[in-house]
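Asker: 3D model of this:
(one chain, ligands or ions: 2)
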Amino acid sequence: MYKYNDNEWINNIIRYYEFNYAAAGILFTISILLSYYTDKRYINGLFTLWLSTLVTWYGHYFLHKYPNTSIAKFHNYTHHSKFGKTFLGKFLEYTINEMFFFGGGILWILVLLLHNYSGVYYLNPYIIMWWNISVPLVHEIYYHQTSKTNIHQLHHKDHLKSLGPDIWDVILKTKHHDTHMEDETSIGLILLIWCILYLFIIKLFKNTL
Ligand SMILES: [Zn+2]
Ligand SMILES: [Zn+2]
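Answerer: Numbering: from 1, shown residues only. Ligands and ions are numbered 1, 2, ... in the order given. Sure, this is the predicted structure:
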């Protein structure tokens, strides 16, 4: 694996934010919005979203770092294969693997279990749930349904890199050396639309419960 020196590493982080201050701002706004309409614990909401994105990077990294575990074999079969291009392949990958595992489902289950024992929600479960669905949404709509070159295509060539989200690849040095920095503004817009829709769904459920 390419070893980044400190200068390149810092430069990559700066370059990331040069391209993505808008997307970062959108994500920040989403976390404030979701906190406002749920538990109003804003710092906790930001931390929840931050941790969920890290769980996504680490969960996906784990799958490729330890390819002999059964869940890793499952990801290879449902995503890095011909079967991954079929409807059933996508369905299995996005529901079981992403929503319930590296999309953050594993974190969601933990938060609910801890709530069962202590009566406290240590993280905002609504935000984790929103992220759970955001992962397959962006993965499929933005990365697989658009024809333009994107950073995720590199992950399909070299599985231990560009695991996503891009910022974690930059910070944790799994970004391909000398590759372009993804402009995530359109991803941010997809997420914002999804956030507004999600808030309506939450409101609907709260009214019917
Ligand atoms: Zn993919
Ligand atoms: Zn993968």
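
Asker: low-confidence ranges, this structure, go.
Answerer: Applying pLDDT under 70 to the predicted model, the residue ranges of the chain that meet it are 147, 208-209.

Asker: longest helix in it, by residue count?
Answerer: Ranked by number of residues, the top helix in the chain under DSSP state H is helix 6-36.

Asker: immediately after the helix or strand containing Y77, which helix or strand?
Answerer: Taking DSSP states H and E as the criterion, Y77 maps to helix 70-78. Secondary structure here is assigned by DSSP H and E; on that basis, the next helix or strand after helix 70-78 toward the C-terminus is helix 87-92.

Asker: got a list of what I202 touches?
Answerer: By Cβ atoms under 8 Å, 6 or more residues apart in numbering, I202 lies in contact with 37-38, 126. Bear in mind the C-beta positions are built from the backbone N, C-alpha and C, glycine included.

Asker: reformat these into CSV and put distance to T53 next to each item.
Answerer: Rendered in CSV, the data for the contacts of I202 read as follows (distance: Cβ to Cβ, whole Å):
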residue, distance to T53
Y37, 20
T38, 18
Y126, 16
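
Asker: out of these, which is most surrounded?
Answerer: Y126 (20 neighbours; other Cβ atoms under 10 Å).

Asker: correct me, but that one touches K40?
Answerer: No: taking Cβ atoms under 8 Å as the contact criterion, Y126 and K40 are not neighbours in contact, 11.6 Å apart.

Asker: hang on, the earlier thing: looking at the contacts of I202, which is nearest M1?
Answerer: Y126 (36.8 Å; Cβ to Cβ).

Asker: skipping its backbone neighbours, what lies nearest the closest one in space?
Answerer: Of all residues not flanking Y126 in the chain, T38 sits nearest, at 4.5 Å (Cβ to Cβ, 6 or more residues apart in numbering).

Asker: can you pull the contacts of the one you found?
Answerer: Contacts here follow Cβ under 8 Å, 6+ apart; on that basis T38 touches 45, 124, 126-127, 202.

Asker: may I have the phi/psi pair for Y2?
Answerer: Listed backbone geometry of Y2 is phi -60, psi 130, with angles given as degrees, to the nearest 10.

Asker: which residues touch I127?
Answerer: With contacts defined as Cβ under 8 Å, 6+ apart, the neighbours of I127 are 31, 34-35, 38, 45, 48-49, 52.

Asker: quick one: the longest helix of the chain to chain centroid distance?
Answerer: Its chain's C-alpha centre and that of helix 6-36 lie 14 Å apart, by Cα atoms, centre = their mean, to the nearest Å.

Asker: which SSE is immediately downstream of that helix?
Answerer: Criterion used, DSSP H and E; the element after helix 6-36 is helix 42-65.

Asker: now do the buried residues in stretch 35-47.
Answerer: By neighbour count, with 16 or more other Cβ atoms under 10 Å as the criterion, the buried positions of stretch 35-47 are 35, 38-39, 44-47.

Asker: restrict it to CA atoms and write it as PDB.
Answerer: Extracted C-alpha coordinates of stretch 35-47, given in PDB (Å, rounded to 0.1, in the frame of the first residue of the first chain):
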ATOM      1  CA  SER A  35     -31.400  16.700  16.300                       C
ATOM      2  CA  TYR A  36     -33.800  19.600  16.400                       C
ATOM      3  CA  TYR A  37     -36.800  17.400  15.300                       C
ATOM      4  CA  THR A  38     -35.800  14.600  17.700                       C
ATOM      5  CA  ASP A  39     -34.000  15.000  21.000                       C
ATOM      6  CA  LYS A  40     -32.400  18.500  20.600                       C
ATOM      7  CA  ARG A  41     -29.000  17.200  21.800                       C
ATOM      8  CA  TYR A  42     -27.000  19.000  19.100                       C
ATOM      9  CA  ILE A  43     -23.500  18.000  20.100                       C
ATOM     10  CA  ASN A  44     -24.600  14.400  20.600                       C
ATOM     11  CA  GLY A  45     -26.200  14.500  17.200                       C
ATOM     12  CA  LEU A  46     -23.000  15.700  15.600                       C
ATOM     13  CA  PHE A  47     -21.000  13.000  17.400                       C
END
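
Asker: sweet, I'm off.
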